[in-house]
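Engineer: quick check, what structure comes out for this input:
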Amino acid sequence: MNQIQNAQIKLKGILERIIFKNSETGYTVAKFKLDNENKTETVFGTMFEVNPGEHVELVGEFINNPKYGRQFKINNINIIPPATIEGIEKYLGSGLIKGIGPVMAKRIVSYFKEKTLEILDKDINKLKEINGFGVKRISLIKEEWKKQAKVKDIMIFLQSLEITPAYAKKIYNKYGDNSIKIIKENPYRLCDEIFGIGFKIADKIAKNAGISKDSVFRIKSGIIYMLEQLQEAGHCYFPYEMLLEQAKDFLDVEISDIEKTLNILNKKKDILIIDDKVYLFDTYNDETTVANELIKLKNEPLISKLNLINIENKIKEISKINKIIIDDDQLEAIKNAITEKILIITGSPGTGKSTILNYILKIFEAENINVKLTAPTGRAAKRLSETTGKEAKTIHRLLEYNPKSDTFSKNKNSKLFCDALIIDEASMIDIKLMKSLLNALDYKTKIIFVGDVDQLPSVGPGNVLSDIINSKAFRVIRLNKIYRQFGKSKIIYNAHRIRDGIYPKLDFDYKMDDINDFYFIEKSDQEDVVNTILKMLFKNLPNKFGFDPLKDIQVLVPVNKGIVGVDNLNFRIQEKFNNNFKKIIRGNTEFRLNDKVIQLKNDYEKDVYNGDIGFIKDIDFELQEFKIDFGDKIVAYNFYDTDEINLSYAISIHKSQGSEFKCVIVPILTSHYMLLQRNLLYTAITRAKELAVLIGSKKAIGMAVSKNDAENRFTSLKQMLN
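Structural biologist: The predicted structure is shown next:
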């Protein structure tokens, strides 16, 4: 230990183990083993990409915590290149450099000993002297080693701005040698151009770079960021006065400065202020386009190839062939699908939407009507295809999305021609995707929206299906009668009760011919709930029902944080299921070989989408790649793509939209109160195809059923359609 300026102390040693880590803030408490001393210290501070086993220098000071005693507060961290043969081997074999894994690292260090890092810096071609290092591999290593050196230089600059190594790598991958120049000129660019970096991080960088908090530059970026965050929460606009108050608190500046900046943004058409509503300009355009295109589609005359006189005979014929009896409500829906230019069919699971769709498709097929099927997600499109036996595409595939240009090949200048378009899971479509879809349609096209309006609305902005229905501008068929399992399904029975604001029936007196597909286990202690989930997942449900605990059962959780949150449940389930030593560590998350994972964002280049679930099937430390098996395809990821995925032993209910699982386990407690609402619980239990298990408190269920905030999004589509 050496005393330095400002009473700062330097400690050199090994980060032994992490006691606690907050993945969002990077705040960490850890045990640190000092070099040349047989003792450890408790250290705490911000650490993002430092992992157990790394040799580092900590700069900070010792403090006496009244509760925990002597601790070392970290103000800065420097990663120390290893000096020993063992350290160099571990350093190179950690996956740092593409082309060098643990095996090749051992060969290099065995050959060059302590001079290894010097050789890589000054005479990397000497690697050809080692067996297994051909021209191609050496070329790859040379390129990666240079890249590391450049990243190292950038890191030295960024360290003073408190940017983490993981973000530094992303910044370099995006901007290359211009990284430092771009950050100095405009750190707020990072918000838009680097996934994972939001306004708060960019603002911290700007502050460290000397940009004042009341600069117009900062306030503009802050307002845009706030509107984007509100958009992510589902809003298409935000009330002017509410925005002023929130911006004042968020940016810590005067309201007059915010008003002045709003006027500048309005003049530049970055935003639009209309009737005390503040829109991002593009989002206002999205809503107006959707409204205008729907009205134009509706007003274009229907050109039908169907003989409507024979339609009932056709339906009877199909019923006879398929031995299915349909009732008057279903008949009405089928007839309207033939006669209406735009039709909405909405209903809960089990109310016959799939049966109606299949009748419509058979009639269209018999009359040579060119029909296309689509859905917003890959999972929903796959389910639609399985249900109908016809090809169904995601909206992005249907419109021929080009990830490199971020555009659709099918658009208002190159139309998608079909006589009819059926859109399933329409409640999941946000305003932006709906605009792109409608822009690509010919006005002669018939549209049939199919969906469950009582589910959670789209993840993106807008409440499109609900607004279209509530505008009363189009024919809507609401299906209420339960057909699934002849109305005996307790899942569907309780889903309807929850939808209608009625407390679900939790205690059933099951009889021999009943469908035992809904159970409630009462628990109030959070740790009891976690242990019950583990027992149900790995013992009770597989033993009683024969479910595979990972492929057939999905844990769906209202919240991400806390003891009974997604993050902790993933950690606990992973510890019980998968102790594989082959793993990638990012922050405080370990991704192990065979882990169950979920895609967190649409990646059109990889052809994987937000909510897709798969299993890690390979980890290659030399190429710095891992592969995920999504069932219908295997996709390669770079190690630095781990922010695109998360463990998915447990997932949020929001992430489950459009999915269907044989069995779901849903913990619901009063500690989840902030997010408990009717459509959340409804969505959770309707994801179950064969069995739904609720674990928690009756009071929490009551809280969810009584709260109905489904419509509380600021949107204008309904009014525009009126």
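Engineer: how about the CA coordinates for stretch 653-668, as PDB?
Structural biologist: In PDB, the C-alpha atoms belonging to stretch 653-668 read as follows (Å, rounded to 0.1, in the frame of the first residue of the first chain):
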ATOM      1  CA  ILE A 653     -44.800 -11.400 -18.700                       C
ATOM      2  CA  HIS A 654     -44.300  -8.600 -21.200                       C
ATOM      3  CA  LYS A 655     -41.700 -10.700 -23.000                       C
ATOM      4  CA  SER A 656     -44.100 -13.600 -23.300                       C
ATOM      5  CA  GLN A 657     -46.600 -11.800 -25.600                       C
ATOM      6  CA  GLY A 658     -47.400 -13.800 -28.700                       C
ATOM      7  CA  SER A 659     -45.900 -17.000 -27.200                       C
ATOM      8  CA  GLU A 660     -47.600 -20.100 -26.000                       C
ATOM      9  CA  PHE A 661     -46.100 -22.700 -23.600                       C
ATOM     10  CA  LYS A 662     -47.400 -26.100 -22.500                       C
ATOM     11  CA  CYS A 663     -47.200 -24.900 -18.900                       C
ATOM     12  CA  VAL A 664     -46.600 -21.600 -17.100                       C
ATOM     13  CA  ILE A 665     -45.700 -20.900 -13.500                       C
ATOM     14  CA  VAL A 666     -46.700 -17.400 -12.400                       C
ATOM     15  CA  PRO A 667     -45.500 -15.900  -9.100                       C
ATOM     16  CA  ILE A 668     -47.700 -13.000  -7.900                       C
END
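Engineer: and stretch 398-414, which residues are buried?
Structural biologist: 398, 399, 401, 408, 410 (16 or more other CB atoms under 10 Å). No exception for glycine: its C-beta is placed from N, CA and C like everyone else's.
Engineer: helices along the stretch 401-550 of the chain, start to end?
Structural biologist: 431-439, 464-470, 490-499, 526-535, 541-545 (DSSP state H, counting those that start in this stretch).
Engineer: tally of neighbours for residue 494?
Structural biologist: Residue 494 has 26 neighbours, counted by other CB atoms under 10 Å.
Engineer: could I get the phi/psi values of the closest residue to residue 583 other than its chain neighbours?
Structural biologist: Nearest in space to residue 583, with sequence neighbours left out and distances taken as CB to CB, 6 or more residues apart in numbering, is residue 592 at 4.2 Å. Dihedral angles of residue 592 (phi, psi; degrees, to the nearest 10) stand at phi -100, psi 150.
Engineer: look up how far residue 503 lies from residue 592.
Structural biologist: Residue 592 sits 41 Å away from residue 503, going by CB to CB, to the nearest Å.
Engineer: on the pLDDT front, check residue 183 for me.
Structural biologist: pLDDT recorded at residue 183 is 81.
Engineer: next up, identify which helix or strand it is on.
Structural biologist: helix 179-185 (DSSP states H and E).
Engineer: elements contacting the helix or strand following that helix?
Structural biologist: Using DSSP H and E, the next helix or strand after helix 179-185 towards the C-terminus is helix 189-193. Using 3 or more CB pairs under 8 Å, 6 or more residues apart in numbering; DSSP states H and E, the elements in contact with helix 189-193 are helix 199-208.
Engineer: helices or strands up against the helix it packs on?
Structural biologist: helix 189-193, helix 216-232.
Engineer: so residue 453 sits against residue 470, correct?
Structural biologist: No - counting by CB atoms under 8 Å, residue 453 stays clear of residue 470, with 9.0 Å between them.
Engineer: residue 259 and residue 464: what is the separation?
Structural biologist: Counting by CB to CB, the separation of residue 259 from residue 464 is 32 Å.
Engineer: of the helices and strands packed on helix 199-208, flag the one that's most buried.
Structural biologist: helix 216-232 (a mean of 19; mean count of other CB atoms under 10 Å).
Engineer: let me see the contact set for residue 361.
Structural biologist: Going by CB atoms under 8 Å, 6 or more residues apart in numbering, residue 361 touches 371, 388, 390, 422.
Engineer: again, only using 7 Å
Structural biologist: Counting by CB atoms under 7 Å, 6 or more residues apart in numbering, residue 361 makes contact with 371, 388, 390.
Engineer: show the pLDDT at residue 4.
Structural biologist: pLDDT for residue 4: 37.
Engineer: over to residue 635?
Structural biologist: Listed pLDDT for residue 635 reads 94.
Engineer: heading C-terminal from the stretch of helix or strand it belongs to, find the next helix or strand.
Structural biologist: Secondary structure assignment for residue 635, by DSSP H and E: strand 634-638. On the C-terminal side of strand 634-638, the closest following helix or strand by DSSP H and E is strand 645-647.
Engineer: quick one: list the elements packing against that next one.
Structural biologist: Counting contacts by 3 or more CB pairs under 7 Å, 6 or more residues apart in numbering; DSSP states H and E, strand 645-647 packs against strand 596-599.
Engineer: measure residue 392 to residue 379 for me?
Structural biologist: Relative to residue 379, and taking CB to CB, residue 392 is found at 11 Å.
Engineer: one more: residue 182?
Structural biologist: 38 Å.
Engineer: more neighbours: the two, which one.
Structural biologist: residue 379 (20 against 16).
Engineer: these two touch, right, that one and residue 659?
Structural biologist: Yes - between residue 379 and residue 659 there is a contact at 5.2 Å, judged by CB atoms under 7 Å.
Engineer: what touches both of the two?
Structural biologist: Contact criterion CB under 7 Å, 6+ apart; residues shared by residue 379 and residue 659: residue 611.
Engineer: which residues does the residue nearest to the spatial centre of the chain contact?
Structural biologist: Note on the chain: the residue nearest the mean C-alpha position is residue 600, at 3.0 Å, using CA atoms, centre = their mean. By CB under 7 Å, 6+ apart, the residues touching residue 600 are 610, 644, 645, 646.
Engineer: neighbours of the second one, how many?
Structural biologist: Just to be clear, that refers to residue 644. 21.
Engineer: pLDDT at residue 162, what is it?
Structural biologist: Looking at residue 162, its pLDDT reads 64.
Engineer: same check, this time on residue 60
Structural biologist: Looking at residue 60, the pLDDT reads 89.
Engineer: contacts only, for residue 41.
Structural biologist: By CB under 7 Å, 6+ apart, the neighbours of residue 41 are 11, 32, 34, 72.
Engineer: report the two of the residues you listed separated the most.
Structural biologist: 34 and 72 (10.2 Å; CB to CB).
Engineer: rewinding a little: which one of residue 259 and residue 464 has more residues nearby?
Structural biologist: Neighbours per residue, other CB under 10 Å: of residue 259 and residue 464, the larger number sits with residue 464, 30 against 12.
Engineer: from residue 426, how far off is the more buried one?
Structural biologist: Distance of residue 464 to residue 426, given as CB to CB: 7 Å.
Engineer: please apply the same query to residue 378.
Structural biologist: Counting by CB to CB, the separation of residue 378 from residue 426 is 16 Å.
Engineer: which one of those two is surrounded by more residues?
Structural biologist: Shown here are residue 378 and residue 426; by other CB under 10 Å, residue 426 has more neighbours (27 against 24).
Engineer: re earlier: was I right to think the residue nearest to residue 583 contacts residue 581?
Structural biologist: No - at 8.0 Å, residue 592 does not count as touching residue 581 under the criterion of CB under 7 Å.
Engineer: of those two, which one has the most company?
Structural biologist: Neighbours were counted for residue 592 and for residue 581 using other CB under 10 Å; residue 592 has more, 18 against 6.
Engineer: list the contacts for the more buried one?
Structural biologist: 578, 580, 582, 583.
Engineer: change it to 8 Å
Structural biologist: Counting by CB under 8 Å, 6+ apart, residue 592 makes contact with 574, 578, 579, 580, 582, 583, 616.
Engineer: in the lengthiest strand in the chain, which residues are buried?
Structural biologist: The residue-count maximum for a strand in the chain (DSSP state E) belongs to strand 9-21. For strand 9-21, burial by neighbour count (16+ other CB under 10 Å) applies to 9, 11, 12, 13, 14, 15, 18, 21.
Engineer: nearest spatial neighbour of the fifth one, chain-adjacent residues omitted?
Structural biologist: Read that as residue 14. Closest residue in space to residue 14, ignoring its immediate chain neighbours: residue 33 at 4.7 Å, by CB to CB, 6+ apart.
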